[in-house]
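Trainee: Predicted model follows, preceded by the sequence.
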Amino acid sequence: MKRAGRLRMNSLRAQLILFFMIISLVVLSAASYIIYTFMLNQIKGQNERLMYQQFQQADHNIHGLVADVDRLSKLFLLDDQIQEILLHLSDKSELEFLAYKNLLHAQIEKFISNYGYVHSVYLTTENLGAMGGSGDTTLVQSQEEWNKSFFGSDVFRRSVEAFPEMIIQGGLRKSYFNPYMTGTKDGSVVSMIRGVRAIYDPKTSATLIFNVDERYLASLYSADLNPSDGDMYIVDSQGSILSGSRPERIGTTSAFHPSEAGQETYGSMDDRTGDASYQLVYYKLQDAGWYAVKEIPLRMYSGQILTVQRTLIAVFLCSILIIFAVSYFWLRKMIKPLHLLAGKMKDVSRGELGVTFDRIPNNELGIVVRRFNEMSLSIVDLLDKNNRMQESKRELEIEALQSQINPHFLYNTLNMIRWMATMIKADNIVGTIVALGNILRPVFSSKDPMCSLRDELSYLEHYIKIINMRFNNSIRFEIEVEEPELECRVPRFLLQPLVENSIAAGQREEEPVIFIGIHAKIEEGELRIRVSDSGIGLEPELLEELNRKLESGESHESSGGGTGIGLSNVNKRIRLYFGPEYGIHFEPREKGAEVVVRLPAGEA
């Protein structure tokens with residue numbers, strides 16, 4: 001069963017279906033991801049537009065609160081008793097100033113009782129500190145440390161510079177103004193601060209501070225906020241949270257920094273804290289350069305996203321099923337000719353020759369089928385030709401057997417001539433005929449292209465004997481080869497062309513005797529045979545040119561009467577048998593010429 005399954009997976013149809021499925025999965029996965037991202041961005045954009053209306057309402061409420069406090073602070077300053085206090089701040093001692101405490105607190109209590117969003121009111125001077133309080137507490141803050149911290153602060157400087165306008169400062173605690181407010185009584189306030197002076201007084205002599213409870217400010221924008229819907233808060237220009245739906249986050253830093261918004265007054269960004277992801281929607285408020293920020297957990301979109309995911313999964317699965325069904329039946333139809341072709345090829349392998357297709361597809365597979373038909377028919381033709389060739393070979397073998405009479409006839413004729421020469425006592429003729437017979441014997445009797453160096457030298461001695469008959473014994477032949485080298489295997493008829501070339505090149509009228517030496521030695525795993533002569537030798541330029549042509553495989557016609565073609569043939573035979581690293585080359589000598597034959601040192 002496993003083998004069958006493996007064969008099915010190895011079929012072309014299964015591989016093509018798998019390929020289409022993989023491509024479809026990749027394309028559909030990419031499309032699903034793109035659609036999912038698009039839908040998520042659409043949902044986030046829709047939520048961003050809904051938040052814009054909520055931010056506008058919150059901005060309207062906060063701006064209304066700031067305007068009310070601005071109006072109240074001005075109204076507070078117009079009171080005659082407050083003007084009297086401001087007028088005499090500089091010429092009253094600390095003891096005399098305490099008389100104004102009850103008067104100031106009465107005015108503060110009246111304002112706080114009528115306007116519940118005002119938590120406390122303080123009037124500060126550099127020489128007397130802060131005086132004021134909330135509806136149920138009064139305070140004269142004259143500690144030197146507090147005076148230094150407040151009157152040296154950036155808040156005080158900005159309030160003086162902004163006169164007669166009011167500035168807004170968040171992030172201060174109730175205990176900052178009244179150290180007795182601790183524990184549950186403490187909390188954050190939003191301070192509306194302005195520099196004040198008495199009417200017709202050209203110098204700013206005091207600072208008026210209206211504190212609004214941060215919880216009241218938060219109620220203006222987060223009263224209807226569900227905690228599970230995420231946090232909403234207000235940040236200053238540094239990203240520090242001044243007010244928020246969760247008071248414990250006040251004083252911390254938001255993931256949104258106003259510098260990231262640039263010139264935009266409204267927008268959103270994504271943030272990831274731990275395992276939770278958020279969409280941060282921001283809106284620039286009218287007052288103080290603050291931003292309202294809403295952190296929306298992306299899990300809030302889970303319901304909408306889940307619907308999109310389910311829809312995508314359903315479409316994805318349906319698409320896969322449709323693609324599988326269509327590709328299965330379409331590919332089955334398309335590759336049916338291949339299955340038939342495979343079956344026909346099996347028939348041919350079993351010996352059913354000449355099988356062909358009747359119906360040929362009109363596509364690329366049709367080309368393959370036509371070629372198969374041609375191949376099947378050509379195999380039959382080749383077999384017929386092969387049978388005819390075998391018959392012809394049998395006829396040639398018979399003719400070859402008949403032609404073997406010729407060498408026997410030649411030997412018998414030479415033998416008869418030898419006996420006739422013996423009878424008339426012509427010993428030189430007898431020796432020549434015997435040498436010629438010994439030369440012809442390996443030509444006709446052996447089909448092996450290789451022989452031992454011993455046999456090659458024996459053949460060469462018979463050749464020299466016949467040549468000496470021709471040149472009146474003017475050739476002196478010297479062989480120096482030891483027993484190990486005699487057993488080495490060399491190509492048959494290797495040395496005769498080299499000796500013939502030496503004889504042709506060594507003939508000189510002033511020296512009728514030609515000396516030819518053959519030396520063989522095994523060196524570095526190679527059999528090196530040196531054939532030297534006593535001829536006129538070679539010029540250095542000619543020797544270099546000859547070696548170059550032998551190395552490149554070119555033929556060379558000897559200028560000294562020898563045949564360069566014979567040398568070239570010997571060199572080519574060696575390379576064909578043993579490779580291009582072997583062959584022949586000439587070495588320079590002071591007298592005569594020397595050719596070196598390099599062969600692998602293998603025994604015959």
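Mentor: It's in.
Trainee: so how far is stretch 577-584 off the chain centroid?
Mentor: 47 Å (CA atoms, centre = their mean, to the nearest Å).
Trainee: quick one: average pLDDT of that stretch?
Mentor: Mean pLDDT, computed over stretch 577-584, is 89.
Trainee: Quick check: residue 585 vs residue 535, distance?
Mentor: Applying CB to CB, to the nearest Å, the value for residue 585 to residue 535 is 18 Å. Where you see a C-beta, it was placed from the backbone N, CA and C, and this is true even at glycine.
Trainee: got it, and residue 237?
Mentor: Counting by CB to CB - residue 237 and residue 535 are separated by 110 Å.
Trainee: How about residue 249?
Mentor: Between residue 249 and residue 535 the computed distance is 113 Å (CB to CB).
Trainee: higher neighbour count, the two?
Mentor: Taking neighbours as other CB atoms under 10 Å, residue 249 and residue 535 compare with residue 535 leading, 24 against 15.
Trainee: Let's see the pLDDT reported for that one.
Mentor: You'll see residue 535 listed with a pLDDT of 80.
Trainee: didn't it look like it was pressed against residue 502?
Mentor: Yes - if you go by CB atoms under 8 Å, residue 535 and residue 502 touch, sitting 6.9 Å apart.
Trainee: okay, and the common contacts of those two?
Mentor: 514, 593 (CB atoms under 8 Å, 6 or more residues apart in numbering).
Trainee: then the helix or strand where residue 597 lies to CSV, C-alphas only?
Mentor: Using DSSP states H and E, residue 597 maps to strand 594-600. Listed next in CSV are the C-alpha coordinates belonging to strand 594-600 (Å, rounded to 0.1, in the frame of the first residue of the first chain):
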residue,chain,number,x,y,z
GLU,A,594,67.6,12.0,-29.7
VAL,A,595,63.9,11.3,-29.3
VAL,A,596,62.4,10.3,-26.0
VAL,A,597,59.3,8.1,-25.7
ARG,A,598,57.3,8.4,-22.5
LEU,A,599,54.9,5.5,-21.6
PRO,A,600,53.3,4.3,-18.5
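Trainee: Partner strands of that strand and their direction?
Mentor: Sheet pairing for strand 594-600, assigned by DSSP bridges, gives strand 526-533 (antiparallel), strand 583-587 (antiparallel).
Trainee: Now render those as TSV, adding mean neighbour count and distance to residue 65.
Mentor: Supplementary listing: the strands paired with strand 594-600 in TSV, determined by neighbours: other CB atoms under 10 Å; distance: least, CB to CB, whole Å:
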stretch	mean neighbour count	distance to residue 65
strand 526-533	20	109
strand 583-587	17	109
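Trainee: In this protein, which helix is the longest?
Mentor: In the chain, with assignment by DSSP state H, the single longest helix is helix 12-77.
Trainee: Would you mind identifying the next helix or strand past that helix?
Mentor: helix 80-87.
Trainee: I'd like the average pLDDT over that next one.
Mentor: 76.
Trainee: cool, stretch 195-204 as well?
Mentor: 76.
Trainee: For it, buried residues please.
Mentor: Buried residues in stretch 195-204, counted by 16 or more other CB atoms under 10 Å: 195, 196, 197, 198.
Trainee: Give me the distance from it to the chain's centre.
Mentor: 75 Å.
Trainee: Please export the C-alpha coordinates of it as PDB.
Mentor: Presented in PDB, the C-alpha positions along stretch 195-204 are these (Å, rounded to 0.1, in the frame of the first residue of the first chain):
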ATOM      1  CA  GLY A 195      -1.000  87.600  37.100                       C
ATOM      2  CA  VAL A 196      -3.200  90.300  38.800                       C
ATOM      3  CA  ARG A 197      -2.800  93.900  39.900                       C
ATOM      4  CA  ALA A 198      -5.000  96.500  41.500                       C
ATOM      5  CA  ILE A 199      -6.900  98.800  39.200                       C
ATOM      6  CA  TYR A 200      -4.700 101.600  38.000                       C
ATOM      7  CA  ASP A 201      -1.700  99.800  39.400                       C
ATOM      8  CA  PRO A 202       0.900  99.500  36.600                       C
ATOM      9  CA  LYS A 203       2.700  96.600  38.300                       C
ATOM     10  CA  THR A 204       1.600  93.000  38.600                       C
END
